[in-house]
Each structure stands twice: as C-alpha cells, then as structure tokens.
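**Q** What follows is a predicted protein model with its sequence.
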Amino acid sequence: MYLAVSEWAISAALFRCPSPKEQKPVYYVSRALADVETRYSKMELTALALRSAAQKLRPYFQAHPVIVLTDQPLRSILHKPDLTGRMLQWAIELSEFGIEFQPRLSKKGQVMADFVLEYSRRPNQHHESSEQEWWTLRVDGASRSSGSGVGLVLQSPTGEHLEQAIRLGFSASNNEAEYEAILSGLDLALALSVSKLRIYSDSQLVVRHIQKEYEAKDSRMARYLAKVRSTLQQFTEWTIEKIKRADNRHADALAGIAASSLSKKPFYCPYHVQANPSVAENSTCNTIEATKRIIKNGRMILQNISGQALYPKI
C-alpha cells in the first residue's frame, strides 16, 4: 500500500503482489480533509490516510498481511509508549491488523497514489485564498499576585499592528487569562471585519483544547472552550498554532504590563525611541509625537497629542 497526503486531501493505493517484482492495483481510496484536519502535521495526515484506508478496505486488511511503503517513520511513531490524543486512538485501531512498514523504494505505486490525490482537490482548491487576506493574532495571558491581564497583537495583511493590554478586574488563573486573551483578540478582529485569522499562543493546553487534541475536563475550561469555538464560527477561515514563549514576547510584555498595573482605570502610555543620550554634545531637544491606538467605528486610528487623526490603510 502507498499513501499520499496534501493540504487538502489524503489518498491510498492498494496493490496485489503476485511476485516480488510485480504489482497489480486492487483498490484506491481518497477523501478531502475536514476543516480541523487541515491543521494536522504531515505525520498525522499520513497516519490518518492509513486509518481511513483500513476502515474502507477492512476485509482486505483482515484477510491479508498489508505492507505499507512510506517515507514517514510511521512504525516508530505508532509504537511509541507515550502516544496521546488521536494518534493513540489510531494506533489502537490499527493494531488489530497485520501491518508491516517498509521504506518506499518503488515509485510505481506512489505515482498512482499521488495521481489520485491530485484529482481529489476540493472544488475551490484552484482558487486558493490570497495570503493578503489573512490577519495574524498573537495573544498571551498573565496571572500574578498583583492581578491578571491579557496582551494581544493583531497584525493586518499589510503590516499594521494594533496592540492591546487589558487588565482583568476579577481573579483568574493563568489558563483562564489565556482564554480571555484569545476571546479579546477574536472580538477585536471581528470589530475590524476580519474574516481570515491565524492565531498564535504559547499556551499548549489552550491550543490543544481548541485543536481537539486535549479534552477540557474542568467545567470552567469547558465553558471557555465552548465560547471560543462559538466565536470562531464567525470567521470564514482560521488556524491556531502553539508557539514558543520566546516567539511571543510582544504579547507577553503587554500581558505583564496589564497584570502588574496598580491602576484599575484605563491609561495611555506613549512610546517613543530616543536616538541620542540627553547629555550628548550638541544635542537638540527630541521632538516626541506621542500616539495612542484606539478603535473607532471598527477602524484603527492613530491619534497624536494634537488631536489630528491619521487613518492607516488596512
């Protein structure tokens, strides 16, 4: 059996081998990926292709030994003792069959599997959405002794950034703060009429909840998860990915500011870059144009201290 995967579909081609050098096609299976499946890794998609083939061709798998020729280390992955989530479930389902994994050497069968995959495109696959339509949201939540807060950075397709630091006026655990950060970010994106959104968070628990890899056992976490999933339905397309904390420093800093603030009222903190030391020779007074970012009528406005509104192109 040969397996093939892509960003939109999976396929498998089953061959009968009357002799070591002869392969005759028996059956092929193929299907488009569901929305959540498009976010699987290549390894997970390969395992999913094998599982789907085993379900569809169950009589063949039960009656004959099946050799899977693949360039992926499926055998070692499916036999790992620390498997969790869907991969564990698939490993259990496949364990009842006599499946052997071997390196893929022949290209004959793989060509057929790839051919089947090519003609399994979704109707709109030839009209892929432009990268220029996607917004990016990075979020983080912080829970400290001084309070809790969230930080988020929303980036437009053309590079404009909108930052928010929100102090939570109630007691929240770190996981609850992470969920509040995502919900605040989603609300902000919807206010700007965003339809396609990529979400990045350094919380493994929250990301795996949303990806349906972890189960939300705590009742409060379950309510947060349901709220997030309900809100995500308002977007045309979305993805969520777990990133390292080092790659989320901007949102982390904003969350830290919000959680550490002693003030319970909104405040504006102008940010500027001072090019030269204040005691430098022949220094001139730095002219600082403080800006603050606000949302008005669903648009991002940069407003300087003189009150003049500057509308960036979004």
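**A** Yep, it's here.
**Q** from here on, contacts and neighbour counts on C-alpha atoms
**A** Will do.
**Q** burial of residue 174, as a residue count?
**A** Residues lying near residue 174 (other CA atoms under 10 Å) number 18.
**Q** my bad, residue 85
**A** 12.
**Q** in terms of contact, does it touch residue 213 like I think?
**A** Yes - with contacts counted by CA atoms under 8 Å, residue 85 reaches residue 213, the gap being 5.4 Å.
**Q** who touches both of these two?
**A** Common neighbours of residue 85 and residue 213, using CA atoms under 8 Å, 6 or more residues apart in numbering, do not exist here.
**Q** Now do the buried residues in stretch 55-62.
**A** residue 61 (16 or more other CA atoms under 10 Å).
**Q** cool, and stretch 83-98?
**A** 87, 88, 90, 91, 94, 97.
**Q** Quick check: which ranges of the protein have low pLDDT?
**A** 105-132, 261-274, 278, 280-314 (pLDDT under 70).
**Q** which helix in it runs the most residues?
**A** In the chain, with assignment by DSSP state H, the single longest helix is helix 174-191.
**Q** That helix packs against which elements?
**A** If you count contacts as 3 or more CA pairs under 8 Å, 6 or more residues apart in numbering; DSSP states H and E, helix 174-191 packs onto strand 134-144, strand 147-155, helix 204-210, helix 219-232.
**Q** so what's residue 174 up against?
**A** 141, 142, 143.
**Q** Most neighbours of all these, which one?
**A** Counting by other CA under 10 Å, top hit in the contacts of residue 174: residue 141 with 35 neighbours.
**Q** May I ask you to confirm that it is in contact with residue 184?
**A** No - using CA under 8 Å as the test, residue 141 is too far from residue 184 to be in contact (10.7 Å).
**Q** Nearest residue to the middle of this structure?
**A** By CA atoms, centre = their mean, the mean C-alpha position of the chain lies nearest to residue 240, the distance being 2.2 Å.
**Q** State the distance from it to residue 153.
**A** Separation of residue 240 from residue 153 (CA to CA, to the nearest Å) stands at 15 Å.
**Q** same check, this time on residue 68
**A** Distance from residue 68 to residue 153, by CA to CA: 45 Å.
**Q** related to what we said a few turns ago, please produce TSV containing the contacts of residue 174, extended by distance to residue 170.
**A** Below are the contacts of residue 174 laid out as TSV (distance: CA to CA, whole Å):
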residue	distance to residue 170
141	13
142	13
143	11
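**Q** Just give me the closest of those to residue 228.
**A** Closest approach to residue 228 among the contacts of residue 174 (CA to CA): residue 141, at 15.1 Å.
**Q** Next up, the contacts around the closest one.
**A** Contacts for residue 141 were tallied using CA under 8 Å, 6+ apart; they are 148-151, 174-181, 252, 255.
**Q** hmm, try it at 10 Å
**A** By CA atoms under 10 Å, 6 or more residues apart in numbering, the residues touching residue 141 are 148-152, 165-168, 172-182, 201-203, 251-256, 258-259.
**Q** Over to residue 199?
**A** By CA under 10 Å, 6+ apart, the residues touching residue 199 are 135-139, 154, 182, 185-186, 207, 238-243.
**Q** Residue 18 now?
**A** Counting by CA under 10 Å, 6+ apart, residue 18 has contacts residue 24.
**Q** any idea how far residue 260 is from residue 7?
**A** 42 Å.
**Q** In contact with residue 176, which residues are there?
**A** 141, 142, 143, 148, 206, 220, 221, 224.
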